[in-house]
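*Asks:* okay, structure incoming, though there's no sequence with it:
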Ligand code: HEM
């Protein structure tokens, strides 16, 4: 009886504290303005993290309170939202040292991936990044580009057999599922030198005719990864899991509860550990690390390179656990974001016939003039419309909608434009107290009218067709030497573009002024890898097939959470994106 009474008192006290904490910012952040209210317990967590409203309120509040403001989140926690380009560049430049992953995020990474590059900070991060960079350099991606074409052609041949087996030469193909499998095969072959053989084993949903069965049993290692991807794709967090995740930042131990997603992570982790141990052991033998072997194979894949680092450079030495964590990170980071972005690209292709025709025209023109598939240099220096299309996919659909960091020390953040404090003063720098949670809302920065103008929310690859001479990045610079292909620009488009050049988006750092790959020391390691894979995949599949939604271009979309947010067609099973595919007529 007494314990019941004590429990009730404790509950009321915690509830009252949460209400109080949500109403009053801590003194160190009280100078920042921001929205008040929200739910007593959750603050604004729900609107900030819900798929349908992510970015929407962030932009509205930026217009109201300026480019740095604070909001109450779950259980009295406060987040400082930063939408100032200079401030973002500053924070991300000091990433891993003055700004670090939050304890909750570290816990997620540790649970799912292990204590490798993605988990580490400071010097440990620098050391591991240095060891991994060469495997993802332009020179490596140039070598790997034929792998991306091979995997795309594998998808093509399966789609051909699906269309051959159909009555009317068309098929409703679950494109997201194929993109999941394609990205895993790309990672396996390019990074580990291992064929996971996922593309040939896409399960056949009822919407598509069965491709001819592949003879022979599936290798046990590959079966494990196929199963993990299937779980991953189908699993939506349960209601309880979704609620608990709102509290992850204050109670990281909720991750240890045996809720649906944790079980899914464990399964994925186990499958990956088995696969990677096998690949690691094999690679060690091949590279001669365990006596004899074909030493020249070392360095040909990311794994080969890591094993070589492991054995030849004591300063850069990585522990076996670190190597394992890197491999898991590569498989997960190299699978989920690119599969999601590729799928978004096919969604836009299916609902915008004009974009689809223009992409195909550019690809056909190259094919007719050159024959064969383009090299990495040709993909990088040419194909302006394909490049613009990919930039627009990345801008509109960033796989990570936001980055969150915790300040490891007191700091002062510079601003591009001043903000007004809660007592009406104008400030050009923002003091950030140690321990403050700082959020960089990637999706909002990519889509805010403040930076991208009145058409910010529209999917329009044309916005990227400025003179590429102004917008050279290092890849394009390197690929020069070949004649540049130019797009003919009409006077109206020219005028529109010169307006766009004045847009504040130019103030944003990161890849082509978008933050989808992050920035600073943690900028996406696989950026070049992803871009080459996207270009090869669209080149092959858009050249040979047409895409349309069975329900027409206005087909409604919904969202699905696996690890990261994924698109789905409203009402479709799991993360389903069924698209009607036909062969391109000669
Ligand atoms: C559309 C494709 C991709 C997107 C949008 C994307 C996005 C990102 C972002 C935003 C980060 C920074 C995370 C942070 O600062 O907390 C990141 C880091 C990373 N990405 Fe990617 N990524 C993509 C593809 C890839 C691929 C294909 C690979 C592997 C080949 C990869 C490997 C990594 C790794 C290892 C990191 C961690 C880097 C570090 O902590 O130093 N990513 N990615």
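*Replies:* That came through fine. The model shown is predicted, which means the values in this text are computed figures rather than measured ones.
*Asks:* enumerate the residues of the stretch 451-586 of the chain near the ligand.
*Replies:* For the stretch 451-586 of the chain, the residues in contact with the ligand (CB under 6 Å from any ligand atom) are 516, 517, 518, 522, 524, 525, 526, 529, 530. For glycine as for every other residue, the C-beta is placed from the backbone atoms N, C-alpha and C.
*Asks:* which one of these is nearest the ligand?
*Replies:* Of all these, the ligand sits closest to residue 526, with 2.1 Å by CB to the nearest ligand atom.
*Asks:* shouldn't the closest one be in contact with residue 135?
*Replies:* No. If you go by CB atoms under 8 Å, residue 526 and residue 135 don't touch, sitting 9.7 Å apart.
*Asks:* circling back: what's the ChimeraX line that selects buried ones from the residues of the stretch 451-586 of the chain next to the ligand?
*Replies:* Buried residues among those (16 or more other CB atoms under 10 Å), as a ChimeraX selection:
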select :516,517,518,522,524,525,526,529,530
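*Asks:* can you list the residues of the stretch 451-586 of the chain next to the ligand in TSV and add distance to residue 148?
*Replies:* Converted to TSV, those look like this (distance: CB to CB, whole Å):
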residue	distance to residue 148
516	19
517	18
518	22
522	24
524	17
525	17
526	12
529	9
530	10
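*Asks:* closest to residue 159 out of the residues of the stretch 451-586 of the chain next to the ligand?
*Replies:* residue 530 (22.1 Å; CB to CB).
*Asks:* what sits against the closest one?
*Replies:* Residues near residue 530 by CB atoms under 8 Å, 6 or more residues apart in numbering: 334, 337, 338, 341, 524.
*Asks:* which of those fall within helices?
*Replies:* When these are checked against helices (DSSP state H), the matches are 337, 338, 341.
*Asks:* the closest residue to the last one other than its chain neighbours: neighbour count?
*Replies:* For residue 341, ignoring the flanking residues on the chain, the nearest one in space by CB to CB, 6 or more residues apart in numbering is residue 393 at 5.7 Å. Applying the criterion other CB atoms under 10 Å, we find 25 residues in the vicinity of residue 393.
*Asks:* mind starting the numbering at 53 from now?
*Replies:* Let's use 53 as the start, then, which means that last one is residue 445.
*Asks:* just the element for residue 445, please.
*Replies:* Following DSSP states H and E, one finds residue 445 within helix 436-448.
*Asks:* and the contacts of that helix?
*Replies:* Residues outside helix 436-448 that contact it (CB under 8 Å, 6+ apart) are 393, 396-397, 400, 407, 410-411, 414-415, 498-499, 504, 511-517, 520, 537-539, 563-564, 566, 568-569, 583, 586-587, 590-591.
*Asks:* before we move on, the earlier item: which one of the ones in helices among the contacts of residue 582 sits closest to residue 234?
*Replies:* Residue 234 lies nearest to residue 390 out of the ones in helices among the contacts of residue 582, by CB to CB, at 8.8 Å.
*Asks:* just to revisit the earlier point, tell me the least confident of the contacts of residue 582?
*Replies:* pLDDT across the contacts of residue 582 is lowest for residue 386, at 89.
*Asks:* could you tell me how many residues sit around that one?
*Replies:* Neighbourhood size, residue 386 [other CB under 10 Å]: 25.
*Asks:* and for residue 480?
*Replies:* When neighbours are counted by other CB under 10 Å, residue 480 registers 11.
*Asks:* give me the nearest residue to it, chain neighbours excluded.
*Replies:* On the basis of CB to CB, 6+ apart, the spatially nearest residue to residue 480 that is not a chain neighbour turns out to be residue 470, at 4.8 Å.
*Asks:* list the beta-bridge partners for residue 95.
*Replies:* residue 91 (DSSP bridges).
*Asks:* you'd agree it is up against residue 122?
*Replies:* No. Here residue 95 lies out of contact with residue 122, judged by CB under 8 Å, at a distance of 10.7 Å.
*Asks:* now residue 440: how far from residue 517?
*Replies:* 5 Å (CB to CB, to the nearest Å).
*Asks:* looking at the two, which has the bigger crowd around it?
*Replies:* residue 440 (23 against 19).
*Asks:* helices or strands next to the one helix or strand residue 234 maps to in the packing?
*Replies:* Assigned by DSSP H and E, residue 234 belongs to helix 227-239. Secondary-structure packing of helix 227-239 (3 or more CB pairs under 8 Å, 6 or more residues apart in numbering; DSSP states H and E): helix 190-217, helix 272-286, helix 372-385, helix 388-403, helix 579-596, strand 617-621, strand 630-635.
*Asks:* next, the angle helix 436-448 makes with the fifth one.
*Replies:* Which is helix 579-596. Calculated by axes from the mean of the first three to the mean of the last three CA atoms, to 10 degrees, helix 579-596 forms an angle of 120 degrees with helix 436-448.
*Asks:* give the next helix or strand downstream of helix 579-596.
*Replies:* Per DSSP H and E, the helix or strand that comes after helix 579-596 is strand 597-600.
*Asks:* got a ChimeraX select line for the buried ones in the contacts of helix 436-448?
*Replies:* In ChimeraX, a selection of the buried entries from the contacts of helix 436-448 looks like this (16+ other CB under 10 Å):
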select :393,396,397,400,407,410,411,414,415,498,499,504,511,512,513,514,515,516,517,520,563,564,566,568,569,583,586,587,590,591
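*Asks:* what about the strands in the chain?
*Replies:* 120-124, 130-134, 151-152, 222-226, 455-459, 463-472, 478-484, 489-492, 597-600, 609-613, 617-621, 630-635 (DSSP state E).
*Asks:* that older thread, of the helices and strands packed on helix 227-239, which approaches residue 140 most closely?
*Replies:* helix 579-596 (17.5 Å).
*Asks:* the ligand contacts on the stretch 303-452 of the chain?
*Replies:* By the rule CB under 6 Å from any ligand atom, the part of the stretch 303-452 of the chain lying against the ligand is 381, 382, 385, 386, 389, 390, 393, 451, 452.
*Asks:* now flag whichever of those residues is closest to residue 634.
*Replies:* Looking across these and measuring by CB to CB, the closest to residue 634 is residue 393, at 23.8 Å.
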